[in-house]
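Undergrad: predicted structure and sequence below. I'll ask about it afterward.
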Amino acid sequence: MALLPILRYPDPRLHKKAAPISIVDASIRQLAADMAETMYAAPGIGLAATQVDRHIRLIIIDVTENKSKLQAFINPEIINKSGGCDGEEGCLSVPGIYETVNRAETITIKALDLDGNPFELTAEGLLAVCIQHEIDHLNGKVFVNYLSRLKQQRIKDKLLKQARETL
Ligand code: ZN
């Protein structure tokens, strides 16, 4: 396993649209394992392949406190959503920034697992928010894109300044 570098906003590669995965093979399982190690080390509760500069439709999530339920979703698609909720979100690609985003409260998704088998899942609360956040990454969208232009610019400036200072 290996730790992978995580792209940081405003890196333009975060806005690439990820391609569907046609064959779920050992290389996909290896990437998922490396992404899990990277996510736990960060630490975070979700990671999209886009964030490690692999532009394919794979996300991994573990919203438990004791790292006990790692879930991988390949080619995830939201097939139903309902309700709405405002929650504070953060992102491993936007370190130190937390902002309120409105999301569906309950979602049903279909996806493939790491063996290539299709499944459906209905999620609510934090898991539902996390899945929506990670699917956005696959579509080239970062959560700060929901904020006003002014706020996005401020976040961009702040992160660019941070990046310069850590060089
Ligand atoms: Zn994120």
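TA: Ah, there it is.
Undergrad: tell me the gap between the longest strand along the chain and the middle of its chain.
TA: Counting by DSSP state E, the longest strand found in the chain is strand 71-82. In terms of CA atoms, centre = their mean, to the nearest Å, the centre of strand 71-82 is found 12 Å from the chain centre.
Undergrad: list the buried residues for that strand?
TA: Across strand 71-82, burial judged by 16 or more other CB atoms under 10 Å covers 71-76. To be clear about C-beta, it is placed using only N, CA and C from the backbone, and glycine gets the same treatment.
Undergrad: check what pLDDT the residue nearest the centre of the chain gets.
TA: Nearest to the mean C-alpha position of the chain, by CA atoms, centre = their mean, lies residue 134 at 2.8 Å. pLDDT, residue 134: 98.
Undergrad: quick check: closest non-adjacent residue to it.
TA: Nearest non-adjacent residue to residue 134, counting by CB to CB, 6 or more residues apart in numbering: residue 59, 3.9 Å away.
Undergrad: same check, this time on residue 90
TA: Spatial nearest neighbour of residue 90, chain neighbours left out: residue 98 (4.7 Å); criterion: CB to CB, 6+ apart.
Undergrad: how many neighbours does the one you found have?
TA: 11 (other CB atoms under 10 Å).
Undergrad: now it: how far from residue 3?
TA: Using CB to CB, to the nearest Å, we find residue 98 at a distance of 24 Å from residue 3.
Undergrad: tell me where the protein has strands.
TA: 46-48, 58-61, 71-82, 85-89, 99-103, 106-112, 118-124.
Undergrad: need those strands in a markdown table (columns: mean pLDDT and distance to residue 148).
TA: Output for the strands of the chain, formatted as a markdown table (pLDDT from 0 to 100; distance: least, CB to CB, whole Å):
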| stretch | mean pLDDT | distance to residue 148 |
| --- | --- | --- |
| strand 46-48 | 98 | 24 |
| strand 58-61 | 98 | 27 |
| strand 71-82 | 98 | 24 |
| strand 85-89 | 95 | 15 |
| strand 99-103 | 97 | 10 |
| strand 106-112 | 98 | 25 |
| strand 118-124 | 98 | 28 |
